[in-house]
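mind looking at a prediction? Sequence and model below.
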Amino acid sequence: GKKAANLAFWWVNDEGEEVKWSFEELGSLSRKAANVLSEACGLQRGDRVVAVLPRVPEWWLVNVACMRAGIVLIPGTSQLTAKDILYRLQASKAKCFITDDTLAPALESVLPESQFLKSKLIVGRGSRAGWLNLKELL
């Protein structure tokens, strides 16, 4: 008989919505996400990414994808201000910024001063002009 897939990830939000990934699914999704970072975002091994996300499943997916691709992840809390984000971008020389549609305006307000940033990746169902959408690219 076929053995059931082992559960690697189980996320539940306040509304009871669940996301469950087996090890096989997490492996496949993280490979796809690593390809998004490498190809669509143009990142290479050793490049830095700032991720400011609430604790959504994609937060863990981006973590694993960065490890797979050799990309340095700089996580940030969703409580960061635009000034905090700019400091992290300048100090780290990050080439990519990953966030959701509620936090994207904070980054957009400091874009003119962030000279190293090459790509912006949004997580969620929304779309924004000039941003790549992770769900669509996966």
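That came through, no problem.

now the helix or strand of the chain with the lowest mean pLDDT: how far from the chain's centre is it?
Taking mean pLDDT, DSSP states H and E as the measure, the helix or strand of the chain with the lowest value is helix 104-108, at a mean of 91. Mean-position distance between helix 104-108 and its chain equals 15 Å (Cα atoms, centre = their mean, to the nearest Å).

list the buried residues for that helix?
The neighbour-count check on helix 104-108 (16 or more other Cβ atoms under 10 Å) flags 104, 106-108 as buried. Every residue, glycine included, has its C-beta placed from N, CA and C.

where does residue 50 fall, secondary structure wise?
Using DSSP states H and E, residue 50 sits in strand 48-52.

give the partner strands of that strand in its sheet and their orientations.
If you go by DSSP bridges, strand 48-52 pairs up with strand 72-76 (parallel), strand 96-100 (parallel).

could I get the CA-only coordinates of that strand as CSV?
What follows is strand 48-52, C-alpha atoms only, in CSV (Å, rounded to 0.1, in the frame of the first residue of the first chain):
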residue,chain,number,x,y,z
ARG,A,48,20.2,39.8,0.5
VAL,A,49,16.4,39.9,0.8
VAL,A,50,14.4,41.9,3.4
ALA,A,51,11.2,40.1,4.2
VAL,A,52,8.6,42.0,6.3
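
about what we covered before: CSV please, covering the buried residues of helix 104-108 and showing distance to residue 83.
Output for the buried residues of helix 104-108, formatted as CSV (distance: Cβ to Cβ, whole Å):
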residue, distance to residue 83
104, 16
106, 9
107, 12
108, 14
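
roughly how far does the closest residue in space to residue 116 that isn't next to it in sequence sit from residue 115?
What sits nearest to residue 116 in space, not counting adjacent residues and going by Cβ to Cβ, 6 or more residues apart in numbering, is residue 93, at 4.5 Å. With distances taken as Cβ to Cβ, to the nearest Å, residue 93 is found 9 Å from residue 115.
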